[in-house]
Every structure is written in C-alpha cells, then in structure tokens.
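Q: With the input below, show me the fold.
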Amino acid sequence: MNIFQYDKTFEGFLSLVFESFSLKVIPNRIEDLEASEPYLWMEKYRITTNPDKSNRVWNALKNKLGHEASFAVFRIHLAGIAEMEMVLFRYVCKALASKQSISDNFADPDVLAITKFDKKVCREAQRMLEFVRFQKTGDGIFFCSMDPEYNILPLIINHFETRFADQQWLLYDFKRNYGFYYNLEKTSQITMQLDSVNKHTGKVNKDILAEEEVLFQDLWKQYFKSTCIEERKNKCLQMQHMPKRYWKYLTEKQS
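A: Residues are numbered from 1 along each chain as shown. Next up, the predicted model:
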C-alpha cells in the first residue's frame with residue numbers, strides 16, 4: 001500500500017503524476033503533506049513540487065485531451081474535494097497512456113465521474129455570477145461575501161476584472177477564508193479578519209456602509225416585493241432555479 005503526499009497545489013499534483021510514472025509506483029491514497037495520521041504497512045512518498053516536471057505533464061495532458069478537457073482537470077482539482085483526487089489521478093494516467101483522447105469514453109467510470117463533477121463545478125461558478133450581491137462601504141469598496149460549495153472563486157475573477165474594471169471590489173469566500181481584492185490596477189489574493197461583516201448573512205455593519213447603500217438595499221427589497229404576484233408564488237420552482245442555500249446572501253431575501 002502506497003501513500004503519496006503533496007502540497008495540494010495543482011503543480012504539486014502534476015508533479016505527483018510525474019513521480020508515479022517515474023518510480024513506477026501507483027498510490028493507493030493521496031493526501032496533504034501535513035497529514036500525520038499513522039498507517040501500518042504503508043509506504044509513504046513525499047512529493048516535492050517541481051515546475052519542470054509539472055509543465056511536462058501539463059503540456060502532455062493538453063496534447064492528449066485538448067483545451068477544454070484538460071482544463072476540466074484543473075477545475076476539479078481546484079474545487080478541493082479530497083474524494084476526487086484518486087479519480088483525478090486515474091483519469092490523468094489513463095489520458096497520458098492512451099493514444100487518443102479519452103474525454104468522450106463515458107463507458108469508463110473515471111471519465112464519467114470527471115465529466116459529471118466538472119459540470120457541478122461549472123454550474124456552481126455560474127451561480128456565483130448570478131447570485132452575488134455587492135454592498136458599497138464608506139471608503140468606496142464594493143464588498144461581496146460568499147461560501148460556494150466548491151472552491152470556484154479563481155474561476156470567476158476574470159469576469160469581475162472585466163465587468164467592474166472601474167470600481168474597487170472585494171470578493172470573499174468565508175468557507176475557505178480567503179478572497180480577491182481589486183484596487184483599480186491589479187487583483188490580489190488576500191486573507192483577513194472581517195469583524196465588520198456578519199459571517200452568517202454576509203451583511204456589512206451599517207456603520208461602515210456608504211450613506212446611500214442602505215437606501216439602495218431598501219429600494220431593491222421593495223422592487224422585489226412589488227413585482228411578486230402573491231397568488232402566483234411557486235416556492236418549489238423558485239428553489240429549483242435559485243437554491244435556498246444562496247438566499248442568506250441575497251439582499252432581496254433578507255428581512
């Protein structure tokens with residue numbers, strides 16, 4: 001039984017694949033370098049991230065799978081679901097060993113699992129674009145909090161950089177405790193203590209909001225209420241298109 005440990009970066013994962021081929025050793029388990037759980041009768045391999053090795057694997061993968069299918073590998077790894085790592089490893093190994101692309105071979109359980117999970121990750125990223133709500137603070141920064149099911153924040157940053165290039169904004173993932181801040185020139189990944197934000201609702205304390213922000217929030221709630229026809233309410237359909245787990249961050253859904 002073999003355990004491969006790495007630093008949980010995508011480059012580290014590709015380096016792990018390279019070392020597996022090089023050593024001719026297949027991992028039975030993949031885990032974080034920091035994992036300290038003892039195992040009997042298991043060989044541990046600590047994989048060091050190597051840019052040259054990871055680039056070789058990445059270039060080979062793009063040649064084998066093409067652009068979209070290879071970036072599905074990146075998206076799924078980024079999502080951060082530990083249970084998918086062995087599936088992802090097997091998928092990459094099969095892709096590299098095959099003479100043609102395996103991305104459409106849905107008879108293979110790993111290909112099918114990767115395809116289904118990638119759709120979930122992409123759907124979650126799309127929902128974040130639809131359901132984010134900004135709040136303007138007194139210093140002119142537009143703040144938005146979220147806690148997506150998967151780690152998709154890096155996948156949607158380009159949209160905000162393009163769409164809101166003339167505004168300062170801060171997107172923060174409370175579940176993973178990190179975010180991205182745009183200062184009109186560049187976007188930086190940050191980690192901070194947000195004592196002025198309610199982590200359960202994402203609401204910024206009123207004392208640091210811009211003067212007009214409270215008014216805009218009230219107007220938006222009134223608009224939402226006035227356009228709702230009480231006799232035609234269909235909560236099941238509403239939850240189908242706008243799952244309830246997102247409601248706590250939606251201005252129009254807050255009392």
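Q: what are the ranges of the helices in the chain?
A: Counting by DSSP state H, the chain has helices at residues 10-23, 51-65, 67-79, 85-97, 109-131, 153-163, 211-226, 235-241.
Q: Please dump these into TSV; it should also carry mean neighbour count and mean pLDDT for every row.
A: Placement of C-beta: from N, CA and C, glycine included. Shown next, in TSV, are the helices of the chain (neighbours: other C-beta atoms under 10 Å; pLDDT from 0 to 100):
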stretch	mean neighbour count	mean pLDDT
helix 10-23	19	96
helix 51-65	16	96
helix 67-79	18	96
helix 85-97	19	96
helix 109-131	16	95
helix 153-163	15	96
helix 211-226	12	88
helix 235-241	9	82
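Q: Can you redo these as a markdown table, where the extra columns are distance to Ile190?
A: Below are those laid out as a markdown table (distance: least, C-beta to C-beta, whole Å):
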| stretch | distance to Ile190 |
| --- | --- |
| helix 10-23 | 20 |
| helix 51-65 | 25 |
| helix 67-79 | 18 |
| helix 85-97 | 27 |
| helix 109-131 | 18 |
| helix 153-163 | 12 |
| helix 211-226 | 22 |
| helix 235-241 | 32 |
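Q: mind checking which of these is nearest Thr191?
A: helix 153-163 (12.4 Å; C-beta to C-beta).
Q: residues in contact with the closest one?
A: 75, 78, 121, 125, 128-129, 146, 169, 171, 173, 176, 178-180, 182, 187 (C-beta atoms under 8 Å, 6 or more residues apart in numbering).
Q: for stretch 212-230, same thing?
A: For stretch 212-230, contacts defined as C-beta under 8 Å, 6+ apart pick out Gln135, Lys136, Thr137, Lys206, Thr251, Glu252, Gln254.
Q: Buried ones only from these, please, as a ChimeraX command.
A: This is how ChimeraX selects the buried members of the contacts of stretch 212-230, with burial counted by 16 or more other C-beta atoms under 10 Å:
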select :135,136,137,251
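Q: got the contacts of stretch 212-230 as a markdown table, with distance to Ile157 columns?
A: Converted to a markdown table, the contacts of stretch 212-230 look like this (distance: C-beta to C-beta, whole Å):
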| residue | distance to Ile157 |
| --- | --- |
| Gln135 | 19 |
| Lys136 | 20 |
| Thr137 | 20 |
| Lys206 | 28 |
| Thr251 | 22 |
| Glu252 | 25 |
| Gln254 | 26 |
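Q: From the contacts of stretch 212-230, pick the one nearest Leu237.
A: Glu252 (16.5 Å).
Q: returning to what we had before: looking at the contacts of stretch 212-230, which one is closest to Met242?
A: Scanning the contacts of stretch 212-230 for proximity to Met242, where the rule is C-beta to C-beta, the winner is Glu252, at 10.2 Å.
Q: pLDDT score for Ser255?
A: What the model reports for Ser255 is a pLDDT of 66.
Q: how near is Val204 to Val132?
A: Separation of Val204 from Val132 (C-beta to C-beta, to the nearest Å): 14 Å.
Q: which one of the two has more residues nearby?
A: Per other C-beta atoms under 10 Å, whichever of Val204 and Val132 has more neighbours is Val204, with 22 against 19.
Q: Is it correct that the more buried one is in contact with Ala210?
A: No. Using C-beta atoms under 8 Å, Val204 makes no contact with Ala210, being 9.8 Å away.
Q: Which neighbours do the two have in common?
A: Thr137.
Q: Please work out how many residues are found near the residue nearest to Lys44 when sequence neighbours are not counted.
A: Nearest residue to Lys44 in three dimensions, chain neighbours excluded: Ile3, at 4.9 Å (C-beta to C-beta, 6 or more residues apart in numbering). Using other C-beta under 10 Å, Ile3 has 17 neighbouring residues.
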